[in-house]
Every structure is written in C-alpha cells, then in structure tokens.
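Q: this one's structure only:
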C-alpha cells in the first residue's frame, strides 16, 4: 500500500469548522520536528485565525476565498531575528543578515511547512499553499507586524475539506529524476514527457477557454507574464534588503 | 499516538546496503506528489549512486563520511531549464530567468525534498540534509553537469541507518509560533526560551570543548563566522546570476 503522501490534493474549499486547539498544537509541533540548519530553527509560523485579520490578509492573496474560508492561515516566514536577538544578549556577534542565511532560513521554513501540511492531512485536514505570498510579501509583513530579520515566504491555509478533488497529474518520474549526473533533454524527450498532459481533455478545454494554440502559451502569455515576474522579482529583492537579509 | 514525523532523526552513519530499485522509485514518486507552483515541477533530483561520483562529490561536502557511506546521494536542484525548454519548443516566451522564479523553484524543490525524506523514513531508511551544498554549489553544478537554469539548493543522503541517535531537542513551540500577528520577544522571553538548552549537559560539554563562555558564541565565533557567510553569500549570488536566475 502506498503512503499517505500519494493522496495529497490541494484543498480550496473548506467547511466552517474550527480546528481543535490540541490538533493544531500537534500539527505545529510536527512542523518543528523537520530538519533545521544547526538546530537553529530559523523560521516563524504566524497562525492567523481571527476573521478580521484574515479579511485584512485576503487582498494580499488576490482575494482567493480560501483565506476567509479556512479557519487557519499560516504565514511561513524565514526568521533570523529571534536567533540574532539571542546572540546579541550573549555578547555574540550574529552574522545572519546576508543572503546565505536567507537561504538557510528559507530552507528551514519550507521543510517545517511541508511537515505541517503532512501532519495536518494525517488529521483529516486539507491544505493549500498560496504562492501569492511572494507577490505581496511587503504588505503581509506590515499587516503581521514582522520585525526586521523576518520575511514571508509562503502561506498555508488549513481546514476541514469541503471538496474532494481528483489527484493532480504529474510529469513522468523520468522528467524530474536524473541518475548519477544531469542528463540534458533532447527536444523529442521534452515532447514525450509532456505528451499525455498536452493531449488531455483538460488541456483541450483550457486552449478553447484561453483562445491560445498550446498549453505553454497559456503559461507565458496568461498565467505568468514577463513584466509581472520582473516586478515581483525586484520588489521581493528590495524587501530582502530592507528586511536585513542582504548585507553581503 | 503521534505520527512518524515525531520520530525523525538525522542519520550520519549508514549500513553498506543498497536501496532496492522499487523502494527508491517509490520514494522519488512520493517526492513528486508534493505541492508545486502551477503544477510546473520546477526542480530536478539528481540521484547519485555511483561510488566514484560520490567520491568526487565528497569534498564539496567537506568530506563528511556520509557522502561516501550512504548508497544514495540526492542533489536537490531548482530547475527552470526543463520548463523553459518546453515553452521554447512551443513558440512561447518563458520568463523564468529571474529572482521570483528562483524562489518558486526553490520552494517546489524543498517541498519535494521533504516528501522524499518522509517517504524514505517510512521505508526504514534514514536521511540527512547537507547544508554544505550552498557553500560549494558551483563545484557541484560542474560535477553533475547541470545546465543553465539549474542550481543546487541542498543535498539529501539516504540509506539504511547504522546508528540510532537520540531525538534532537527543539525550542519550546512558543518560540516559533505566533498567534494572529508576530509578537516580538522581550529579552526575558528569549532567555526563557533558550534556558533548558543552555543548562543542558550537552551545552556544558560544548563550552568546555570550545573554551567559550556561552552557546551563542560557539555559533558566532566557531560554527558560522561572518567572513565565511559573506563569502558564501557572494559566491551563491554570483552563481545565481551565472545560472540565469537573476535577469530581473
């Protein structure tokens, strides 16, 4: 029998039912059991349950209904502030205000986030990651009153599922796994890896809906456009500097 | 009963026993079930089992014995190359050569990596993340022949455990969880959160061994020094540009 990881679906519709405190606590504790760089735990999990505050966060996530609907919105942050404070109080000079430590803290934070999601699912809860966090990280930081040394990376909404979506397809395993070294793809291999998805009924539906000749152009022309990506990249990088993660 | 996530320990000593192919495949498949931005799967897992190649990677990880000892070394990479190739072959203009997409790809990669670890542990295997990956990412990219648009983020060694270490302590849950908004720490709270660790026998041993007055100074003066962090930050950021992840 396959493990529960094979059953993961992102949930975007939630029941109006709160998460019991002891369940939430166990989920958060499971998050902290993930591997962490030097056991420094360079992350913070901001758990927002208050409806008014979730309303305030909602536009940061382009008003996706999950933010208001899910009982629990967890903003996952890289955090070098707490550890640096600890150092400063001990006459130790912390040097975590640079890009290396943004990467270490982001790694800590994301491994903890994934543990949180897996534990939540084991309690019958559903989750969805909100990639919108990167687009509006500065606004989120302001709303959640994050101090310098703390920056939002992603958000996880958690609640009891009110839908039961199909498993999402994935590329064949050979697409993402390389044995020994990286083996670059031939054009024919790329075609083959995407063939099933491109021939699916779902793709045909999307092409009709978007009036575009292929799935790739839906990504580049509609979903993720160059001008938006450049703007997000520049804004997030500026925020990284402002929050004290790039004093290289 | 608590979930298996509560039993995670990093394993640094492995048996000389290979991982059966079907087990490895299931672990890698579980990795691909993690959430991924727009279902784009912007990562590659380079699975190195060949002993000569693991020898070659070993200095990149400061010759930590696990790299030679574990049967399987997985280099976890952010990868916008494969998806961009797919786009280009479809007359779509990919714009993933910027910082936003480094962050999206890194998120995809790290969530997949954590799934990989959890699945591996469910098969009786042990894992350890190697943070050294960031220090020598350029060398690793060269050895593994990573094309432009692919950059190493972390490495996971996987194998059958030949040790059974104690569970590592963590800060009290209150250290990393904030309810509603971020509540900044008072100096007294910081002292309290670290008190148990600072008073432990393990810390006393470390202070004696390092000849330093407190645990924080072991971090700042011995383990992670400013000059090293600045060098790593600059080198990794230069690599990010060179690999085509920063054309903002």
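A: All right, it came through fine. Values in this document were obtained by computation on a predicted structure and should not be read as measured data.
Q: Only C-alpha atoms from now on, for both contacts and neighbour counts.
A: Will do.
Q: which residues touch the closest residue to residue A:109 other than its chain neighbours?
A: Using Cα to Cα, 6 or more residues apart in numbering or on different chains and skipping the chain neighbours, the partner closest in space to residue A:109 is residue A:43 (5.0 Å). By Cα atoms under 8 Å, 6 or more residues apart in numbering or on different chains, the contact set of residue A:43 is A:76, A:77, A:78, A:79, A:80, A:105, A:106, A:108, A:109, A:150, B:176.
Q: Looking at chain A, which strand is longest?
A: Of all segments of type strand in chain A, defined using DSSP state E, the longest is strand A:150-159.
Q: Would you mind listing the buried residues in the helix or strand where residue A:25 lies?
A: Assigned by DSSP states H and E, residue A:25 falls within helix A:21-32. Going by neighbour count (16 or more other Cα atoms under 10 Å in any protein chain shown), the buried part of helix A:21-32 is A:24, A:26, A:27, A:28, A:29, A:30, A:31, A:32.
Q: Ok, stretch A:51-67 next?
A: Buried, per 16+ other Cα under 10 Å, within stretch A:51-67: A:51, A:53, A:54, A:56, A:57, A:58, A:60, A:61, A:66, A:67.
Q: And these, which is closest to chain B?
A: For the buried residues of stretch A:51-67, the closest approach to chain B (Cα to the nearest Cα) belongs to residue A:53, at 7.4 Å.
Q: which intervals of chain A have sub-threshold pLDDT?
A: Chain A contains no residues with pLDDT under 70.
Q: repeat that for 90
A: In the predicted model, chain A carries pLDDT under 90 at residues A:1.
Q: Chain A: strands as residue ranges?
A: Along chain A, counting by DSSP E, strands occupy A:43-48, A:72-79, A:126-130, A:150-159, A:177-179.
Q: tilt between the first one and helix A:21-32?
A: Regarding strand A:43-48 and helix A:21-32, their directions subtend 160 degrees when assessed with axes from the mean of the first three to the mean of the last three Cα atoms, to 10 degrees.
Q: which non-adjacent residue is nearest residue A:157?
A: That would be residue A:73: by Cα to Cα, 6+ apart, it lies 4.5 Å from residue A:157.
Q: where do the helices sit along chain A?
A: For chain A, the helices defined by DSSP state H cover A:21-32, A:51-57, A:66-69, A:81-88, A:99-122, A:132-135, A:137-143, A:173-176, A:187-198, A:201-210, A:215-217, A:226-242.
Q: Those: which one's closest to residue B:128?
A: Closest to residue B:128 of the helices of chain A, according to Cα to Cα: helix A:99-122, at 12.7 Å.
Q: ok, how many other residues are close to residue A:20?
A: Close neighbours of residue A:20, defined as other Cα atoms under 10 Å in any protein chain shown, add up to 8.
Q: center of chain A, which residue is that?
A: Geometric centre of chain A, nearest residue: residue A:154, 3.7 Å, by Cα atoms, centre = their mean.
Q: Could you pull up the residues touching the residue sitting furthest away from the middle of chain A?
A: In chain A, counting by Cα atoms, centre = their mean, residue A:91 sits farthest out from the average C-alpha position, at 35.2 Å. With contact taken as Cα under 8 Å, 6+ apart, residue A:91 is in contact with residue B:217.
Q: before we move on, what about the one 4 residues further on?
A: When contacts are counted by Cα under 8 Å, 6+ apart, residue A:95 touches A:84, B:220, B:224, B:225, B:226, B:229.
Q: For residue B:186, see how far away it is.
A: Remark: distance between residue A:95 and residue B:186 (Cα to Cα, to the nearest Å) = 21 Å.
Q: and the closest residue to residue A:127 other than its chain neighbours, what are its bridge partners?
A: Spatial nearest neighbour of residue A:127, chain neighbours left out: residue A:158 (4.7 Å); criterion: Cα to Cα, 6+ apart. On the basis of DSSP bridges, residue A:158 is bridged to residue A:72, residue A:127.
Q: How much space separates residue A:158 from residue A:11?
A: Remark: distance between residue A:158 and residue A:11 (Cα to Cα) = 9 Å.
Q: now swap in residue A:100 and tell me
A: Look at residue A:100 and residue A:11: by Cα to Cα, they are 33 Å apart.
Q: Those two: which is more packed in?
A: Ranked by neighbour count (other Cα under 10 Å), residue A:100 and residue A:11 place residue A:100 first, with 26 against 22.
Q: That one is in contact with residue B:228, isn't it?
A: No: in this structure residue A:100 lies outside contact range of residue B:228 using Cα atoms under 8 Å: 9.6 Å.
Q: quick one on the thing from earlier: identify the contacts common to residue A:158 and residue A:11.
A: A:126, A:127, A:128.
Q: Now for the first one, how many residues are close by?
A: Counted with other Cα under 10 Å, the burial measure for residue A:126 works out to 27 neighbours.
Q: Please list all residues in contact with residue A:225.
A: Taking Cα under 8 Å, 6+ apart as the criterion, residue A:225 is in contact with A:219, B:95.
Q: Equivalent analysis for the one 4 residues further on, please.
A: In this structure, residue A:229 makes contact with B:95, B:96, B:98, B:100, B:101, judged by Cα under 8 Å, 6+ apart.
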